[in-house]
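Engineer: Requesting a structural model of the entry that follows:
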Amino acid sequence: MGLLARVGLLVGLVVLLCGVVVAGTGYAAHSNDCDTMLRVTIQPFDSNVTVDGPTRQYDGLSVAQQHAFDDAHRRLDAGEAATATSGSYDVASMAGVVVHEGTRYAVTESVEQCGTSGVFGLVVGGVGSLVGVVTFVVSYVAGRYGG
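Structural biologist: Numbering: from 1, shown residues only. I've put the predicted structure just below:
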């Protein structure tokens, strides 16, 4: 087997392994992005607001629900808008009315869509793996039968 074939085998193996690593990290990133996350929207409750769900006291919410509510509440206090939406949280449903410091807030929620950050790594890693396999096989065949 000639030097060029041996270098081709080595390059093919390295590209294959790099492709597998990149694809694996892309898969892991994509899988982690797809947890169910909720965005919580709050607004001061009035008779014009239709709310589906029970009325709860703020103290009766779980710690994670309180964090989501507090995030939206801070945004409501900071802005001029009548509603505020929190960041994404992994919380159980809390739609309805929440009573916080004597004020009633209508709480609605929306499901955060899965991210796509890992898809690029998954595709690039897959293509890299394929290129590595082809390079390896071509180098092996050329070295074995090319004389």
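
Engineer: Name the residues of the longest helix seen in the chain that are buried.
Structural biologist: Across the chain, the longest stretch assigned as helix under DSSP state H is helix 3-33. Of the residues in helix 3-33, those buried under the neighbour-count criterion (16 or more other CB atoms under 10 Å) are 5, 8-9, 12, 15-16, 18-19, 22-23, 26-27, 29-30, 33. Glycine gets a C-beta too; all of them are placed from N, C-alpha and C.

Engineer: where does the protein dip in pLDDT?
Structural biologist: 29-37, 47-50, 80-91, 112-118, 147 (pLDDT under 70).

Engineer: ok, which stretches of it are helices?
Structural biologist: So, for the chain - with DSSP H - the helices run 3-33, 63-78, 117-145.

Engineer: The longest strand belonging to the chain vs helix 3-33, what angle?
Structural biologist: For the chain, the strand with the greatest residue count under DSSP state E is strand 103-112. Interaxial angle, strand 103-112 versus helix 3-33 (axes from the mean of the first three to the mean of the last three CA atoms, to 10 degrees): 150 degrees.

Engineer: Other residues contacting strand 103-112?
Structural biologist: Applying CB atoms under 8 Å, 6 or more residues apart in numbering, the contact partners of strand 103-112 are 36-45, 49, 51, 53, 55, 69, 73, 85, 88, 93-99.

Engineer: Among these, name the ones in strands.
Structural biologist: 37-44, 55, 85, 88, 96-99.

Engineer: just to revisit the earlier point, now distance to residue 109 too, for the helices of the chain, in JSON lines please.
Structural biologist: Shown next, in JSON lines, are the helices of the chain (distance: least, CB to CB, whole Å):
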{"stretch": "helix 3-33", "distance to residue 109": "19"}
{"stretch": "helix 63-78", "distance to residue 109": "9"}
{"stretch": "helix 117-145", "distance to residue 109": "23"}
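
Engineer: Name the nearest residue to residue 9, ignoring sequence neighbours.
Structural biologist: Ranked by CB to CB, 6 or more residues apart in numbering and with sequence neighbours excluded, the top spatial neighbour of residue 9 is residue 139, at 4.7 Å.
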